[in-house]
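Asker: Next come a sequence and a model predicted from it.
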Amino acid sequence: MKIEILTPEKKLYSGDAYGVQMPGLTGSFEVLEKHAPLISALKAGIVKVVGNKQQDLAKFSIQGGFVEVLNNQVTVLVEGGVAL
């Protein structure tokens, strides 16, 4: 599945992955391949991009934002974020 993590200033991440873990407003959740369409708000926390054997491909600290899942593509729009 294709994952993009974007801030207003730059692209933090773009690539293929097994899944992504995000901090939702009511708790953390994970999106895996072929997930149903979804739009959700995110709170400040950690976003983890996960590879096939549950290894972390990338981690980011975010200030909050939104995620859209559509056609096996995940787009995470965040107010601000830094790689960990």
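Answerer: Done, it's in.
Asker: Surely K11 touches F60?
Answerer: No. Using Cβ atoms under 8 Å, K11 is not in contact with F60, being 11.5 Å away. (C-beta placed from N, C-alpha, C; glycine too.)
Asker: Which residues are in contact with each of these two?
Answerer: The contact sets of K11 and F60 overlap at I5 (Cβ atoms under 8 Å, 6 or more residues apart in numbering).
Asker: partner residues bridging A41?
Answerer: Taking DSSP bridges, one finds F66 as the beta-bridge partners of A41.
Asker: how about the residue lying farthest from the centre of the chain, secondary structure?
Answerer: Centroid-distance maximum for the chain: K53 at 17.7 Å, with Cα atoms, centre = their mean. Following DSSP: H, G, I helix; E, B strand; the rest coil, K53 is assigned to coil.
Asker: The protein: strands as residue ranges?
Answerer: Assigned by DSSP state E, the strands in the chain fall at 2-6, 11-16, 19-24, 27-32, 38-42, 45-50, 56-62, 65-70, 73-78, 81-83.
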